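Participant: quick one: sequence plus predicted model below, questions after.
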Amino acid sequence: MIYLKRATYDAILKIGCSFRVLLLTGPRQVGKTTLLKAIAQNNIKDNLKRNYVTLDDPDARYLAKHDPRLFMQRYPAPILIDEIKYAPELLPYIKIAVDNSNDKGQYWLTGTQNFSLMNNVSESLAGRVGIVNLLGLSSSEIYGNKSHEFSTETEYLINRLNECKKKTSKEIFERIVKGSNPELYNQSSDISSYEYYKSYVNTYLERDIRCLSQVGDELEFYNFMKIVASHTSKPLIYDEIAKEANVSAPTAKKWISILVSTHIIALVSPFHNNVLKRIVKTPIIHFLDTGLVCFLLKWQDPTALEDGHMAGALFETYVFSEIYKSFINQGKEPPIYYYRDKDKKEIDLLLYQNGTVYPIEIKLSASPSRSAIKNFKVLEPIQEPEKFGELSQLKVNIGQGAVICMCEDVLPIDQKNNFVPVWLI
């Protein structure tokens, strides 16, 4: 297999050279180890080769857990330690080692993020570790386009037209069903997306979920995942999901947290501003890999999905995940929110950066109505801040908006908003 340079390559290299410890997290099988090995191989200085050890190896894991000091002697820095979550006992010793050296990037660590790992990292390596997330392939990576942070600015969109090849609705839904895992785009592999995700879920349940004390029954958790998949792009109502999954609300809350911490889903927070009085504060669920959703919900035919009742939800989740990854791949926290108020007025996504909010609607249509932007006007009050005693709500600007849809070109709706083809994101 020819190595595909990931969009987050430069961000990882920069952070790896800025901190004494680099932690690369993300869902399993997205290429974390492959990426770090490639970076290490391409950036060898003075013939200084980086050692490698995986804690999947039971002997290495036993040594790391029961004699971490000897492990550190056996595997000296610079080193890449794979699956650090299996031996958090190493973290205090890594702290001691990096505190005795000013060298950057001595320890590179990988792991599927979980609460115990992140708590140990924050306690042991605060101020010493740069954390980067790696997700599945973005469409830009798959199609060979340049990777940027997504923007609704017209200039960005016009430039993007020269970088991206048009895609039909059939191609978009084939992409949604196939998913984002690198193995599915390996030309030397003929595994189907169904076979791949079946194996993926089994491994996830057996290796990630089994070790978590919050989960007592893996099959029950699998059923829970299917219920959550059916709620993608919908508000997170714990009681509703708990009832459908036949678990308690506290259990549903714990298990949602597991899905978030292992990068299966993301929760989109509502945009909060004191001027907007009637905002609904429930987060929105989005899966980060549409292929996994399609496997869980048994949608394997792109045409059937496009004509089915889940088409809109999967399309919206796809758009969200691509915009989300466009920021993650630059090493940044995605500034993504949504709007919904008690009058049932909604805006699917909001990008909030540098004191400006950019509204985005998502429509599964080749020619949506101009009324798609009608709810953008609910944001107008944030441009006129109210006074709260001696304090004043800061003014927020409203930037250019977008309706992301199946259209074939960037088309103006009015002076501040455009229709945007989905294949540009």
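Facilitator: Looks like it arrived, so ask away.
Participant: confirm residue 187 sits in a strand?
Facilitator: No. Under DSSP: H, G, I helix; E, B strand; the rest coil, residue 187 falls outside any strand and is assigned coil.
Participant: in terms of pLDDT, where does it sit?
Facilitator: In this model, residue 187 is scored at 77, pLDDT.
Participant: poorly predicted segments of this structure, please.
Facilitator: Scanning the chain for pLDDT under 70 picks out the ranges 1-4, 44-48, 113-120, 122, 211-214, 274-275, 277, 385-394.
Participant: could you pull out the strands for the stretch 1-150 of the chain?
Facilitator: Using DSSP state E, counting those that start in this stretch, the strands of the stretch 1-150 of the chain run over 21-25, 51-54, 79-82, 107-111, 129-133.
Participant: got those as JSON lines, with mean neighbour count columns?
Facilitator: C-betas here are computed from N, CA, C, even on glycine. Formatted as JSON lines, the strands of the stretch 1-150 of the chain follow (neighbours: other C-beta atoms under 10 Å):
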{"stretch": "strand 21-25", "mean neighbour count": "25"}
{"stretch": "strand 51-54", "mean neighbour count": "15"}
{"stretch": "strand 79-82", "mean neighbour count": "22"}
{"stretch": "strand 107-111", "mean neighbour count": "25"}
{"stretch": "strand 129-133", "mean neighbour count": "21"}
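Participant: as TSV, these with distance to residue 409 would be great.
Facilitator: Formatted as TSV, the strands of the stretch 1-150 of the chain follow (distance: least, C-beta to C-beta, whole Å):
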stretch	distance to residue 409
strand 21-25	38
strand 51-54	48
strand 79-82	45
strand 107-111	41
strand 129-133	33
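Participant: nearest to residue 288, of these?
Facilitator: Distance to residue 288, taken as C-beta to C-beta, is lowest for strand 129-133 among the strands of the stretch 1-150 of the chain, at 9.9 Å.
Participant: give me the nearest residue to residue 425, chain neighbours excluded.
Facilitator: residue 322 (4.6 Å; C-beta to C-beta, 6 or more residues apart in numbering).
Participant: burial measure for that neighbour, as a count.
Facilitator: 21 (other C-beta atoms under 10 Å).
Participant: for the helix or strand containing it, name the packing helices and strands.
Facilitator: In this structure, residue 322 sits in helix 311-328 according to DSSP states H and E. Identification of packing neighbours for helix 311-328 by 3 or more C-beta pairs under 8 Å, 6 or more residues apart in numbering; DSSP states H and E yields helix 169-178, strand 265-268, strand 284-287, helix 290-296, strand 336-340, strand 346-353, strand 356-362.
Participant: and the ones you listed as JSON lines, adding distance to residue 156 and mean neighbour count?
Facilitator: What follows is the helices and strands packed on helix 311-328, written out as JSON lines (distance: least, C-beta to C-beta, whole Å; neighbours: other C-beta atoms under 10 Å):
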{"stretch": "helix 169-178", "distance to residue 156": "21", "mean neighbour count": "19"}
{"stretch": "strand 265-268", "distance to residue 156": "22", "mean neighbour count": "20"}
{"stretch": "strand 284-287", "distance to residue 156": "23", "mean neighbour count": "26"}
{"stretch": "helix 290-296", "distance to residue 156": "24", "mean neighbour count": "25"}
{"stretch": "strand 336-340", "distance to residue 156": "17", "mean neighbour count": "21"}
{"stretch": "strand 346-353", "distance to residue 156": "12", "mean neighbour count": "20"}
{"stretch": "strand 356-362", "distance to residue 156": "11", "mean neighbour count": "22"}
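Participant: picking up where we left off before, buried stuff in the helix holding residue 322?
Facilitator: For helix 311-328, burial by neighbour count (16 or more other C-beta atoms under 10 Å) applies to 311, 313-328.
Participant: hang on, the earlier thing: now distance to residue 53 too, for the helices and strands packed on helix 311-328, in JSON lines please.
Facilitator: Listed next are the helices and strands packed on helix 311-328 as JSON lines, based on distance: least, C-beta to C-beta, whole Å:
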{"stretch": "helix 169-178", "distance to residue 53": "33"}
{"stretch": "strand 265-268", "distance to residue 53": "31"}
{"stretch": "strand 284-287", "distance to residue 53": "32"}
{"stretch": "helix 290-296", "distance to residue 53": "29"}
{"stretch": "strand 336-340", "distance to residue 53": "36"}
{"stretch": "strand 346-353", "distance to residue 53": "40"}
{"stretch": "strand 356-362", "distance to residue 53": "44"}
